[in-house]
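In: any chance you can model this:
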Amino acid sequence: MTKLKWGMIGGGEGSQIGPAHRLGALADARFEFTAGALDHRADVGREYAQRLGIATDRAYGDWTEMLAREKDREDRVDLVTVATPNSTHFEITKSFLEAGFNVLCEKPMTMTVEEGEEIVKIAEKSGKICAVNYCYSAYPMVRQARAMVRAGEIGKVRVVVASFSHGHHGDATDADNPRVRWRYDPAMAGVSGQFADCGIHALHMSSFIANDEVKTLSADFASTIPSRELEDDAFVNFRMEGGTVGRLWTSSVAIGRQHGFDIQVFGETGGLRWASEQPNQLYYTPVGGRTQIIEKGEGGLHEDAQRLSRVSIAHPEGFPLAVANIYCDLADAIAGEIRDSLPNAADGVRSMAAVHVAVDSARQGSVWMDARPSIFR
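Out: Model (predicted):
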């Protein structure tokens, strides 16, 4: 099998997300790391790219240089990952899609709903893939939960309860740490802090598993550390188009929680529960029955869960391999195989619409508002 050529923008040395992308993209030998513009400091980015094995002539100083030179190559990259600060996602993703490249963009895909809708239209017009890295949806047991819902194994979904909360930004004396401060600075993060950073993972997961889309929402935001302009704690109620009721809590000041991403889905005939800190197990309770633990790697799983389970039962598969599963689906999609589980630009713009509506709702006293982007109303 010929490897696909992969390029990355951002994710340089010291980046939080860069290593996960590199481990994920290369885990299954579907991609080779061919090109990169890894740092906003040109010389630093070039040097680091070469240390990672990229040829000198494809270790670029910035993304504009990478675009200009890659688009004219016969051996151009097949996929570009955008792992830069939020405010740059739109321009870079738009430029590479228009030049005929497939793109995987970190979330949030854009800063505004209008930008997100434009990306959806450009992707459709270009015929290229625009994926968004909602990588938690690629854990095998999340795929199992999604497949069970679609197969009717818990009946019609009534209620979804999701949370993504941690306490790593709960120390007020650390509020000026650059790695923390930017997340609550509108110039860098946009209109929302914690909800746009972590909450939209939980919102996407709710739709992903429940097989439904958010229609309306009501939000309450709080900045519990007064120096922060944007929220560090949020509660969002939502209703889905199919009638499902949703509850979502997200916080960065929940001291004692490490990486508290979990979801519960309650249907007419059963319930499901999954937590990212115990990703190998999916808890299933049929109505009137005992709770069962479905293990990653065991027999009888749905195809999507079996396909993305990499190691034998009782062995953990962590975050980088969830990212790797996104790259597996991307490789299949580039080859022409349909992977409807791959988060795409439509998911990205739905998330951004929900962020902006949640901000407006919180400002207006938690009023209920239509959460859909205009192109999907």
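
In: residue ranges of the helices in the protein, please?
Out: With DSSP state H as the criterion, the chain has helices at 18-26, 42-51, 63-70, 89-98, 113-126, 140-150, 178-181, 186-189, 194, 200-210, 303-307, 319-334, 345-363.

In: got those helices as a markdown table, with mean neighbour count columns?
Out: For the C-beta atoms, the positions are set from N, CA and C on the backbone; glycine is no exception. Listed next are the helices of the chain as a markdown table, based on neighbours: other CB atoms under 10 Å:
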| stretch | mean neighbour count |
| --- | --- |
| helix 18-26 | 21 |
| helix 42-51 | 17 |
| helix 63-70 | 18 |
| helix 89-98 | 22 |
| helix 113-126 | 19 |
| helix 140-150 | 23 |
| helix 178-181 | 12 |
| helix 186-189 | 14 |
| helix 194 | 27 |
| helix 200-210 | 25 |
| helix 303-307 | 17 |
| helix 319-334 | 22 |
| helix 345-363 | 24 |
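
In: and these as JSON lines, adding distance to His259 and mean pLDDT?
Out: Converted to JSON lines, these look like this (distance: least, CB to CB, whole Å; pLDDT from 0 to 100):
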{"stretch": "helix 18-26", "distance to His259": "13", "mean pLDDT": "96"}
{"stretch": "helix 42-51", "distance to His259": "27", "mean pLDDT": "97"}
{"stretch": "helix 63-70", "distance to His259": "30", "mean pLDDT": "98"}
{"stretch": "helix 89-98", "distance to His259": "23", "mean pLDDT": "98"}
{"stretch": "helix 113-126", "distance to His259": "27", "mean pLDDT": "97"}
{"stretch": "helix 140-150", "distance to His259": "15", "mean pLDDT": "98"}
{"stretch": "helix 178-181", "distance to His259": "16", "mean pLDDT": "84"}
{"stretch": "helix 186-189", "distance to His259": "20", "mean pLDDT": "84"}
{"stretch": "helix 194", "distance to His259": "14", "mean pLDDT": "97"}
{"stretch": "helix 200-210", "distance to His259": "11", "mean pLDDT": "98"}
{"stretch": "helix 303-307", "distance to His259": "22", "mean pLDDT": "93"}
{"stretch": "helix 319-334", "distance to His259": "9", "mean pLDDT": "95"}
{"stretch": "helix 345-363", "distance to His259": "20", "mean pLDDT": "98"}
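
In: how about those helices in JSON lines, adding distance to Val245?
Out: Compiled in JSON lines, these are given as follows (distance: least, CB to CB, whole Å):
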{"stretch": "helix 18-26", "distance to Val245": "33"}
{"stretch": "helix 42-51", "distance to Val245": "47"}
{"stretch": "helix 63-70", "distance to Val245": "42"}
{"stretch": "helix 89-98", "distance to Val245": "31"}
{"stretch": "helix 113-126", "distance to Val245": "24"}
{"stretch": "helix 140-150", "distance to Val245": "15"}
{"stretch": "helix 178-181", "distance to Val245": "34"}
{"stretch": "helix 186-189", "distance to Val245": "29"}
{"stretch": "helix 194", "distance to Val245": "22"}
{"stretch": "helix 200-210", "distance to Val245": "10"}
{"stretch": "helix 303-307", "distance to Val245": "26"}
{"stretch": "helix 319-334", "distance to Val245": "27"}
{"stretch": "helix 345-363", "distance to Val245": "16"}
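
In: relative to Gly299, how far out is Phe235?
Out: Phe235 sits at a distance of 40 Å from Gly299 (criterion: CB to CB, to the nearest Å).

In: sorry, back to before: out of the helices of the chain, the one nearest Tyr284 is which?
Out: Among the helices of the chain, helix 140-150 comes nearest to Tyr284, with 7.3 Å by CB to CB.

In: quick one, the closest one and helix 200-210 angle?
Out: With axes from the mean of the first three to the mean of the last three CA atoms, to 10 degrees applied, the angle from helix 140-150 to helix 200-210 works out at 50 degrees.

In: for helix 140-150, name the packing helices and strands.
Out: When contacts are defined as 3 or more CB pairs under 8 Å, 6 or more residues apart in numbering; DSSP states H and E, helix 140-150 sits against helix 200-210, strand 260-267, strand 270-275, strand 281-286, helix 303-307.

In: let's see 7 Å
Out: With contacts taken as 3 or more CB pairs under 7 Å, 6 or more residues apart in numbering; DSSP states H and E, helix 140-150 sits against helix 200-210, strand 270-275, strand 281-286, helix 303-307.

In: list the buried residues in the third one.
Out: Within strand 281-286, the residues that qualify as buried are Leu282, Tyr283, Tyr284, counting by 16 or more other CB atoms under 10 Å.

In: identify the residue spatially nearest to the second one, adjacent ones excluded.
Out: This points to Tyr283. Excluding its sequence neighbours, the residue lying closest to Tyr283 (CB to CB, 6 or more residues apart in numbering) is Arg273, at 4.1 Å.

In: Thr84 against Glu91, yeah?
Out: No. Using CB atoms under 7 Å, Thr84 is not in contact with Glu91; the gap is 9.6 Å.

In: centroid residue for this structure?
Out: Tyr134 (1.9 Å; CA atoms, centre = their mean).

In: wait, doesn't that residue sit right on Ala202?
Out: No. The pair Tyr134 and Ala202 does not pass the contact test of CB under 7 Å, sitting 10.3 Å apart.
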